[in-house]
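Engineer: let's see this in three dimensions:
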Amino acid sequence: MDSTTPPRSDPWRSGLVTRSAGAWPAQVDDRATRPGPVPPGAALPSAAVRQRRTLLLFGGAAAAILIVGLVAMLVWMLGNGADPRRGRHAPPVDARPPLARLCPPPTAPPATPAPPTDAPVPPPAGPRTVDREAGISYHQYGVPWLPWHDRWARGTLQVVYAVGQHFVTETYPGGTYHASILSGHVPAAVNDSLLIDLECTGRQLVADVRASYYPQPNRMEPIREERTVLGGLPAWVTVFRLHFSEPGLRATSELVGLAVLDVGRPDAAVLYVSIPDTHRHLDGVVDEVLASVRPV
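Structural biologist: Below is the predicted model of the structure:
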């Protein structure tokens, strides 16, 4: 493990076009009463017909101009991203933790529920590391392992690893390299929800660890990935060997065990174990620590 307006009047409104009867000449076209054949061509329209045609012409022109104006306004609004249905307020900010956004809590428990945890499983004999914030405890080792006094919180998910054990396996130009047994917790649900998508959460944490704590690029060799029960707690466990290379670093791979545990809180407990290939004789620690987990 390597050490951001009031309604406006219609502009096209117009009054009715009328004339008083006395405004028209008194003469009457006597061709309408004159006997004999009608001259070729259509008869001249009467004054009333001409008046109606004039009204229709003005009204049609006004309606056409109004429609063209409305269409132009609509095209402008859509072209500029405006939405007449949208209010002035910006959409609410998604304040959920990163992991809760990536892995929304399931709407129902998994199809195969974990065994009940009513009866506590007794812890194995020997000293133990207790992480009360995460809600778990696990086996504690002697020399060369030392208590962990740092706080690592790298990566997108910002899991804080603040409890556990470690020792330096080598010093190289990039810093110090460690074997580690670390625990922490991460918000995986929202508000009072206690349902956690353990599989999605576990996969996201593995990706975060690979990207944040190891030389890039690296290659993952899967060993174990499953939903299981650790010390009576529902868990998702991933064990893999990560292959990498960095100038000056003797280690070229590392055995990693990562467990995400549902401890009955909105935060999931996380247990992370890493053993570099320079200390392969300690590979058995990964399975031993996972098997020793118990709720606090």
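Engineer: using the three-state scheme, assign Q158.
Structural biologist: Three-state call for Q158 (DSSP: H, G, I helix; E, B strand; the rest coil): coil.
Engineer: quick one: it from V270, how far?
Structural biologist: The spacing between Q158 and V270, counted by CB to CB, to the nearest Å, is 12 Å. (C-beta placed from N, C-alpha, C; glycine too.)
Engineer: quick one: the strands in the stretch 101-250 of the chain, in order.
Structural biologist: Applying DSSP state E, counting those that start in this stretch to the stretch 101-250 of the chain gives strands spanning 128-131, 136-139, 146-147, 160-172, 175-187, 219-230, 233-243.
Engineer: for E288, give me its contacts.
Structural biologist: Counting by CB atoms under 8 Å, 6 or more residues apart in numbering, E288 touches H139.
Engineer: then it would be within a strand, right?
Structural biologist: No. Judged by three-state DSSP, E288 forms no part of a strand; its state is helix.
Engineer: and stretch 250-263, what's its mean pLDDT?
Structural biologist: Mean pLDDT, computed over stretch 250-263, is 97.
Engineer: buried sites along that stretch?
Structural biologist: Buried residues in stretch 250-263, counted by 16 or more other CB atoms under 10 Å: 251, 253-263.
Engineer: for stretch 153-166, same thing?
Structural biologist: For stretch 153-166, burial by neighbour count (16+ other CB under 10 Å) applies to 155, 157, 159-166.
Engineer: any chance of TSV for the buried residues of stretch 250-263, columns secondary structure?
Structural biologist: Putting the buried residues of stretch 250-263 into TSV (three-state DSSP) gives the following:
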residue	secondary structure
A251	coil
S253	strand
E254	strand
L255	strand
V256	strand
G257	strand
L258	strand
A259	strand
V260	strand
L261	strand
D262	coil
V263	coil
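Engineer: so which helix or strand of this protein has the lowest pLDDT on average?
Structural biologist: helix 98-102 (a mean of 67; mean pLDDT, DSSP states H and E).
Engineer: looking at the strands of the stretch 101-250 of the chain, which is closest to G202?
Structural biologist: Closest of those to G202 is strand 233-243, at 3.6 Å (criterion: CB to CB).
Engineer: sheet partners, orientation included, of the closest one?
Structural biologist: strand 219-230 (antiparallel), strand 253-261 (antiparallel) (DSSP bridges).
Engineer: can you redo these as a markdown table with distance to R132?
Structural biologist: Below are the strands paired with strand 233-243 laid out as a markdown table (distance: least, CB to CB, whole Å):
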| stretch | distance to R132 |
| --- | --- |
| strand 219-230 | 17 |
| strand 253-261 | 14 |
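Engineer: closest to S183 out of those?
Structural biologist: strand 253-261 (9.2 Å).
Engineer: which helices and strands sit right next to the helix or strand that comes right after the closest one?
Structural biologist: Sequence order places strand 267-276 as the next helix or strand after strand 253-261, per DSSP states H and E. Counting contacts by 3 or more CB pairs under 8 Å, 6 or more residues apart in numbering; DSSP states H and E, strand 267-276 packs against strand 136-139, strand 160-172, strand 175-187, helix 198-213, strand 253-261, helix 284-291.
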